[in-house]
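> Below is the structure, and that's it, no one-letter string:
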């Protein structure tokens, strides 16, 4: 694994530190008037979910880890575990549903997601950025209402509440941006 200097750490880097795998969540470079520069890094443990704040001086060496990414098909959920299948080898892997957090409801049966592996251990899941959902409940369309920054609440087929433009009605398919969980466009 490549070693990088402490001042080269960027958000999203996966680091091996104190015997664990950590994702850099926040990085701020500090140059005090007295003493050497350092990077203040907030990290999240990929296995336990715990957080850690650490200082790395520019001369400190840190192991940067590359995770292998594989596209896998989502099959089903059982006891808080998500079951994915490799479409080439048909091997199945179980992943903790908490890894998806608030994006979990957007994972649909048969959807292809990217699973990140370290050796043979699955550590992360990312779903497509845009997902098609159906609006099951919203206020009726009001004629003459402009779309100028007036949004109304809607409930999607997966139970998630989001704000949609006034021209969107019940039983309409929309595209939701799963990164920010917001309405993107009509499907």
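Okay, I see it. Note that the coordinates shown come from a computational prediction; the quantities given were computed from them, not determined experimentally.
> Can you spell out the domain ranges of the chain, please?
As assigned by automatic domain parsing, the chain contains the domains 3-65, 68-126, 130-186.
> Can I get those in JSON lines including mean pLDDT and mean neighbour count?
Bear in mind the C-beta positions are built from the backbone N, C-alpha and C, glycine included. Putting the domains of the chain into JSON lines (pLDDT from 0 to 100; neighbours: other CB atoms under 10 Å) gives the following:
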{"stretch": "domain 3-65", "mean pLDDT": "88", "mean neighbour count": "14"}
{"stretch": "domain 68-126", "mean pLDDT": "89", "mean neighbour count": "14"}
{"stretch": "domain 130-186", "mean pLDDT": "87", "mean neighbour count": "14"}
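> Not counting stretch 82-93 itself, show me its contacts.
70-77, 94-97, 99-100, 107, 112-113, 115, 122, 125 (CB atoms under 8 Å, 6 or more residues apart in numbering).
> Show the end-to-end separation of it, please.
End-to-end distance of stretch 82-93 (CA to CA, to the nearest Å): 8 Å.
> what's the spatially most central residue of the chain in contact with, if anything?
Nearest residue to the geometric centre of the chain (CA atoms, centre = their mean): residue 126, 5.5 Å. Counting by CB under 8 Å, 6+ apart, residue 126 makes contact with 113, 114, 116.
> Could you do residue 136 as well?
Applying CB under 8 Å, 6+ apart, we find residue 136 in contact with 155, 156, 157, 170, 171.
> Go again with 10 Å.
By CB atoms under 10 Å, 6 or more residues apart in numbering, residue 136 lies in contact with 154, 155, 156, 157, 158, 159, 170, 171, 172.
> nearest residue to the second one other than its sequence neighbours?
Meaning residue 155. In this structure, residue 155 finds its nearest non-sequential neighbour in residue 137, 4.2 Å apart by CB to CB, 6 or more residues apart in numbering.
> One more: the first one?
In this structure, residue 154 finds its nearest non-sequential neighbour in residue 138, 3.8 Å apart by CB to CB, 6+ apart.
> Then the last one?
With sequence-adjacent residues excluded and distances taken as CB to CB, 6+ apart, residue 172 is closest to residue 135, at 5.1 Å.
> Then residue 14?
Nearest to residue 14 is residue 65, by CB to CB, 6+ apart, at 4.4 Å.
> Check residue 131 too.
Spatial nearest neighbour of residue 131, chain neighbours left out: residue 106 (4.7 Å); criterion: CB to CB, 6+ apart.
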